[in-house]
Every structure is written in C-alpha cells, then in structure tokens.
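Chemist: need a 3D model of the following:
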Amino acid sequence: MSEFNTRLTDLRENKGWSKTYVAKAVGLKSMQTYANWEYGRTEPDFKMLTKIAKLFDVSTDYLLSGNKDKQPKEADLADQETVFTYEGEKISSEDLKYIKRILRGGKA
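Modeler: So this is what the prediction gives:
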C-alpha cells in the first residue's frame with residue numbers, strides 16, 4: 001500500500017478529525033491501531049479499508065492507489081460488457097437476472 005498512510009493522514013487532517021475520532025468511527029477499540037496505519041507500521045484488512053473509504057467518502061481505489069477519481073464509479077446493470085462481482089466472486093448471469101428483477105419491483 002504505497003503512499004496509503006500519507007493519503008490516510010491527509011484525509012483525516014483535511015476533515016479536522018483526531019486519530020481517536022477516526023478510530024472510534026470505524027469501530028476500533030484502540031486508537032493505536034489506527035495510528036499505526038498512518039505511521040505505515042501496519043495496514044488495515046479489506047473490511048476495514050471499506051469502512052475507512054465510507055467514512056471519508058472516497059473510493060477504496062483512491063485510498064490504495066491515489067486515483068484522482070475519489071468517488072466510486074457507477075456501473076449500469078444493462079451493460080453487457082461490465083463484469084459484476086460480490087466479495088471477489090463473479091455474479092452469475094442467473095443471479096444478475098434475479099437482482100434486476102428485484103430492482104424492478106419483482107416484475108419480470
């Protein structure tokens with residue numbers, strides 16, 4: 001996670017938040033755990049990375065790579081070229097049809 005700790009520190013400081021505030025906001029029991037991420041000593045797991053991104057209203061891609069597009073990209077369910085995944089696994093075409101039906105209010 002190159003430069004992750006710098007981005008994390010910058011995001012927190014831009015909000016004017018303390019390390020303690022951020023640690024509590026993402027559900028950590030110890031502020032030191034969060035501080036170690038900013039110091040580059042340790043790194044959060046994927047689940048915690050997602051919580052951090054939501055807290056700062058940025059994408060995980062921005063946290064990890066510094067991609068200037070801070071917001072997550074949107075995908076259209078009708079786009080046949082887009083590959084949808086959930087928890088790292090590709091969503092099957094049957095499940096995608098089911099999701100679309102739910103979004104349409106149960107109508108086929």
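Chemist: domain parsing for the protein?
Modeler: Domain assignment for the chain by automatic domain parsing gives 4-65, 74-108.
Chemist: the ones you listed: lowest mean pLDDT?
Modeler: Mean pLDDT is lowest for domain 74-108 among the domains of the chain, at a mean of 77.
Chemist: which parts of that one are buried?
Modeler: Within domain 74-108, no residue qualifies as buried by neighbour count (16 or more other C-beta atoms under 10 Å). The C-beta positions use only the backbone N, C-alpha and C, and glycine is treated the same way.
Chemist: now it: how far from the chain's centre is it?
Modeler: 20 Å (C-alpha atoms, centre = their mean, to the nearest Å).
Chemist: all strands for the chain, in order.
Modeler: 85-86, 89-90 (DSSP state E).
Chemist: my guess is Tyr62 contacts Arg7. True?
Modeler: Yes - taking contacts as C-beta atoms under 8 Å, Tyr62 lies within contact range of Arg7: 7.3 Å.
Chemist: ok so, going back, dump the strands of the chain to JSON lines, plus distance to Thr50.
Modeler: Below are the strands of the chain laid out as JSON lines (distance: least, C-beta to C-beta, whole Å):
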{"stretch": "strand 85-86", "distance to Thr50": "13"}
{"stretch": "strand 89-90", "distance to Thr50": "16"}
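Chemist: nearest to Val22, of these?
Modeler: Closest approach to Val22 among the strands of the chain is made by strand 85-86 (27.4 Å; C-beta to C-beta).
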